[in-house]
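Asker: Make a model of this:
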Amino acid sequence: MTTAKGRVTIREVAERAGVSVATVSRVLSGNYPVPPATRSRVLRAARALDYVANAHARALVGGGRKTVAVVLRQVTSPFYAQVAEGVEAEAATHGWLCLVGTTGGDPQREMEFVQLMREEGARLVILVGGVVEDDAYRERVARYAEALDAAGARLVLCGRPAPDPEIPALVVEFDNEAGARAITGHLLSAGHRRIVFLGGLPGNTALDARVAGYRAALAEYGLPEDAAWVVDCGLGRAAGLRAMTELLKGEREFTAVVAGDDMVAAGALRAIADAGLRVPEDISVVGYNDIPLAEDFNPPLTTVRTPAEELGRAAVRFALRDSEEAAGARHLLGTHIVVRGSVAAVKRPH
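Answerer: Next up, the predicted model:
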């Protein structure tokens, strides 16, 4: 049984766990020693009732520091690290504390972290990066957004679209499709017509948009639909290395590669070198994101610069500025090409 307003009380948790209100308070505050079995029983009851500590009450006893939580797939990825850096830098300018959590792509870990941030009274929770937008994801994000909104907090989707414009979430993303269209157009303007997209991941919002941009550029140059060659190998250096190694085992029917991101490009460059071929003389390669190391690749990588750090900064800035907007707020940041040494013009036979 919950209160009229729907908030579960500490007394209800105590009743369910069969302990006193004082014991529940000690377990949840973590300031007093409690027997492990009792602690476990209280936490189980709190989870079962979806209990969230009252952040306003906690503020009265000295807590309540303004906190922003950023939830990433991994911190070892240069792109995610730059976004997190932007979130932290912008939060710091407002005197807010920044907490970082990683999920490894596991929805369960994401859910647990968001719940923990609700309990800790975080004012902003920022989910970063492309996802597979299935029904489970749509339902999960709607639940996050509504639960955070009810607690006076805000969900920000950073680099991914909202599954429903009506949910109370702010969206801050960059134009993945336009970036891929532009970088593919750069290869086409250099005379390439047999271009592989390396790094597809069907259902992933960011990569689907990049594949769409790649296909759109081919169509703009009058190439038929079957000219598109998408290799669904996912992201990361290892994925790029494996997929390119496999492609080079057959007869080489392509002259250029659009990599799903710079780490895929790094793996592709390694595989091409291992096969005794040269970039860009034999194969041109372009990337996506312009990570800090991209200019140190051999050769330096032509790529799409995405505003990774600015994306993180904007997520905080817009969330604070647009705090009165209930739902549907969306901010789109631009991208641009950085031309380096990994593309050569196609030599036409005389």
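Asker: residues in contact with residue 100?
Answerer: Contact partners of residue 100, counting by C-beta atoms under 8 Å, 6 or more residues apart in numbering, are 69-70, 72, 75, 84, 88. The way it works is simple: take the backbone N, C-alpha and C, and place the C-beta from them, glycine included.
Asker: Can you say which of those are buried?
Answerer: 69-70, 72, 84, 88 (16 or more other C-beta atoms under 10 Å).
Asker: Which ones among those residues map onto helices?
Answerer: 84, 88 (DSSP state H).
Asker: out of the buried ones among the contacts of residue 100, which one sits closest to residue 26?
Answerer: Among these, residue 69 lies closest to residue 26 (C-beta to C-beta), at 25.0 Å.
Asker: Okay, and the beta partners of that closest one?
Answerer: residue 99, residue 125 (DSSP bridges).
Asker: Hmm, it is touching residue 123, no?
Answerer: No - the criterion here is C-beta atoms under 8 Å, and residue 69 misses it with residue 123 at 9.0 Å.
Asker: Give me the distance between residue 210 and residue 174.
Answerer: From residue 210 across to residue 174, the span is 11 Å (C-beta to C-beta, to the nearest Å).
Asker: What is the most widely separated pair among the contacts of residue 100?
Answerer: The span of the contacts of residue 100, defined through C-beta to C-beta, is set by 69 and 75 at 13.8 Å.
Asker: wait, what's in contact with residue 174?
Answerer: Contacts of residue 174 by C-beta under 8 Å, 6+ apart are 159, 306-307, 311, 332-335.
Asker: how about 6 Å then?
Answerer: 306-307, 333, 335 (C-beta atoms under 6 Å, 6 or more residues apart in numbering).
Asker: Report the spatially closest residue to it, excluding sequence-adjacent ones.
Answerer: residue 333 (4.4 Å; C-beta to C-beta, 6 or more residues apart in numbering).
Asker: Okay, now stretch 187-206: how far is its last residue from its first?
Answerer: Using C-alpha to C-alpha, to the nearest Å, the end-to-end distance of stretch 187-206 comes out at 21 Å.
Asker: Buried by neighbour count: which residues of that stretch qualify?
Answerer: Those would be 187-188, 190, 192, 195-201, 204-206, for stretch 187-206 by 16+ other C-beta under 10 Å.
Asker: can you list the residues that contact that stretch?
Answerer: 130-133, 160, 176, 207, 211, 214, 221, 229-235, 243, 254-260, 264, 268, 343, 345-346.
Asker: For that stretch, what is the distance to the chain centroid?
Answerer: 20 Å (C-alpha atoms, centre = their mean, to the nearest Å).
Asker: mind listing the strands in the stretch 101-250 of the chain by residue range?
Answerer: Listed in chain order, the strands of the stretch 101-250 of the chain (DSSP state E, counting those that start in this stretch) span 124-128, 154-158, 169-174, 195-198, 229-231.
Asker: Show the pLDDT at residue 6.
Answerer: We have a pLDDT of 58 for residue 6.
Asker: again, but for residue 346
Answerer: So residue 346 comes in at 92 (pLDDT).
Asker: ok, now residue 151?
Answerer: So, for residue 151, pLDDT stands at 79.
Asker: swap in the one 3 residues further on?
Answerer: What the model reports as pLDDT for residue 154 is 90.
Asker: And the residue nearest the centre of this protein?
Answerer: Centre of the chain computed as the mean C-alpha position; nearest residue by C-alpha atoms, centre = their mean is residue 129, 1.1 Å away.
Asker: mind giving me the domain split of the protein?
Answerer: With automatic domain parsing as the criterion, the domains of the chain are listed as 10-51, 63-175+308-334, 176-307.
Asker: any idea of the mean pLDDT in the last one?
Answerer: Going back to what we said before, that points to domain 176-307. 96.
Asker: ok, back up a step: could the contacts of residue 100 be laid out in JSON lines, adding distance to residue 108 and pLDDT?
Answerer: Converted to JSON lines, the contacts of residue 100 look like this (distance: C-beta to C-beta, whole Å; pLDDT from 0 to 100):
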{"residue": "69", "distance to residue 108": "17", "pLDDT": "95"}
{"residue": "70", "distance to residue 108": "19", "pLDDT": "94"}
{"residue": "72", "distance to residue 108": "16", "pLDDT": "91"}
{"residue": "75", "distance to residue 108": "19", "pLDDT": "86"}
{"residue": "84", "distance to residue 108": "21", "pLDDT": "95"}
{"residue": "88", "distance to residue 108": "25", "pLDDT": "96"}
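Asker: Kindly reformat those residues as a markdown table containing distance to residue 285.
Answerer: Converted to a markdown table, the contacts of residue 100 look like this (distance: C-beta to C-beta, whole Å):
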| residue | distance to residue 285 |
| --- | --- |
| 69 | 37 |
| 70 | 31 |
| 72 | 27 |
| 75 | 26 |
| 84 | 27 |
| 88 | 32 |
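Asker: Closest one to residue 114 out of those residues, please.
Answerer: Distances from residue 114 to these, taken by C-beta to C-beta, are shortest for residue 69, at 8.0 Å.
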